[in-house]
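>>> A structural model of the following input is requested.
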Amino acid sequence: MPRQSDQPEEHGPALPFDLVAERSVIGSMMLYPNGAEVALAILTPSDFYHPMHSAMFDSIDSLHRRGEPFDPLLLATEMERRKFDRKQAGIDITLMVSEAPASRNIARYCGLVTDAASRRKLVVFGIELANSARENEAPAPELLQRAREQLEEVDVETTTFLPEGLSTLDDFLERPFEEKAPWVVPGMMRRNWRVIVVGGEGAGKSVLLRQIAISAAAGLHPLTHRECTPVRTLVVDLENPDEAVEDVCAPMKEAAEGRVDWEADRCWLWRKPGGIDLRRRRDRVELESVLRASKPDLVCLGPVYKCFVSRNKDEEESATAEVQHVLDDLRVRYQFGLLLEHHAPHGQEGRRRVIRPHGSVRWQRWPELGIAMLPVKDREGSYDLGRFRGDRLLSQWPDRLDRSGSAWPWEGVFPAGTFDPTRPEEMTPEF
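Got it, this is the predicted structure:
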């Protein structure tokens, strides 16, 4: 947060501002030429709340227009010409450069600056409008028209900044490793991925999801049981009665508790055996409340058919699209990886059962990874892990799952000579 001395003096009502965003913009402009081009295209000096920040931005703009470099020394000199203390300006500029975020984030910080500026204008405009109405300065229709015009002007200004997610290709590819989505299950899932596991009834999909959630929270790779970084997980069970959940989870939780660094608040469970309907506002709000409380890095949810209701086959297509939109919105806003359990359609008599998501074909197109649990012939309790769609991303799931007979019901069988699943950074190409 900015130092107390950075706070400008207040006169009149408190106004919205974001000094951290203002300092981030100026620091990025000084450090990254591309960032300066972005900020100068979006902002004006009046968008800054702090007088010194406004003067710095205007000074950079002037130097840029004259074709001069805007390094800290030249900027401090320009600030002195504008009657600011050169020494203090130099200190502030140096601090801003040292604290500057990655250049590709500058559009987001510009958005925060313009948002605060627009809210300041709304506060001032609201006060002026209230005073005008109270003092009977003009007829009500005239005041309303004036209000519409000023609100429209503010509305236009709030849409001038570049949207989040826009960057040069170089900035995107050169982003620091720590800013890339982290692994929630090493080699198998990153935080922003969508993975669907499909299998027949009784294949053990629910057990697999719970094992992944509990072991990941315990700091164990779920299918090799080697140590890895623990994450926060949430299991959303939409089908099974309490006893079924307890029978499966209790042995795994006991095994997890045996670890020195086990923390109970890293693994959460939300039981709704009657299912939910994410097309209904009430159920969406309830799920979002669960996400806020548990703060998961990984959500394991299923089965899919119990998270919405469609009255007939014709409605299912639109219902699926709506539910996928809800899940994507929550996944992006709350920053978690999403692992779903889905049933396969029933096989036709005399034909081999096809392992793919039941219902709308949208479920086949949607995920980054589509895992199909295929029973291994003459090997009871074993399943090959095929794909019902091509992988969009490089990952390392096991070739096969075998029943282990231990507290952790599933054991993964990985290809010979594969990388260590607890060291996914060794994968090539690097993520």
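>>> And the strands in the chain?
183-185, 189-190, 194-199, 233-237, 267-271, 298-302, 337-343, 369-375, 382-387, 400-403, 410-413 (DSSP state E).
>>> Among those, which comes closest to residue 35?
Ranking the strands of the chain by distance to residue 35, with Cβ to Cβ as the measure, places strand 189-190 first at 26.7 Å. C-betas here are computed from N, CA, C, even on glycine.
>>> Which neighbouring elements make contact with that closest one?
strand 183-185, strand 337-343 (3 or more Cβ pairs under 8 Å, 6 or more residues apart in numbering; DSSP states H and E).
>>> what's the angle between the last one and strand 233-237?
Using axes from the mean of the first three to the mean of the last three Cα atoms, to 10 degrees, one finds that strand 337-343 and strand 233-237 are set 20 degrees apart in direction.
>>> export strand 337-343 as PDB, just CAs?
Taking Å, rounded to 0.1, in the frame of the first residue of the first chain, the C-alpha atoms of strand 337-343 are listed here in PDB:
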ATOM      1  CA  GLY A 337      -9.300 -26.100 -11.600                       C
ATOM      2  CA  LEU A 338     -12.600 -28.000 -12.400                       C
ATOM      3  CA  LEU A 339     -12.700 -31.800 -12.400                       C
ATOM      4  CA  LEU A 340     -16.100 -33.200 -13.300                       C
ATOM      5  CA  GLU A 341     -17.600 -36.700 -13.100                       C
ATOM      6  CA  HIS A 342     -19.900 -37.600 -16.000                       C
ATOM      7  CA  HIS A 343     -21.800 -40.800 -16.900                       C
END
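>>> Give the partner strands of it in its sheet and their orientations.
Applying DSSP bridges, strand 337-343 is found paired with strand 194-199 (parallel), strand 298-302 (parallel).
>>> Distance from the chain centre to it, please.
On the basis of Cα atoms, centre = their mean, to the nearest Å, strand 337-343 sits 17 Å off its chain's mean C-alpha point.
>>> again with stretch 174-186
12 Å.
>>> And that stretch, end to end?
Distance across stretch 174-186, first residue to last, is 22 Å (Cα to Cα, to the nearest Å).
>>> Give the buried residues for that stretch.
By 16 or more other Cβ atoms under 10 Å, the buried positions in stretch 174-186 come out as 182, 183, 184, 185, 186.
>>> I'd like the distance from residue 92 to residue 84, if you could.
Distance from residue 92 to residue 84, counting by Cβ to Cβ, to the nearest Å: 10 Å.
>>> out of those two, which sits in the more crowded spot?
residue 92 (27 against 18; other Cβ atoms under 10 Å).
>>> pretty sure that one contacts residue 72?
No. Residue 92 is beyond contact range of residue 72, at 9.7 Å (criterion: Cβ atoms under 8 Å).
>>> ok, back up a step: what residues are shared contacts of residue 92 and residue 84?
residue 52 (Cβ atoms under 8 Å, 6 or more residues apart in numbering).
>>> from what I can see residue 299 touches residue 335, true?
No. The criterion here is Cβ under 8 Å, and residue 299 misses it with residue 335 at 10.7 Å.
>>> what about residue 246, how many neighbours?
Counted with other Cβ under 10 Å, residue 246 comes out at 11.
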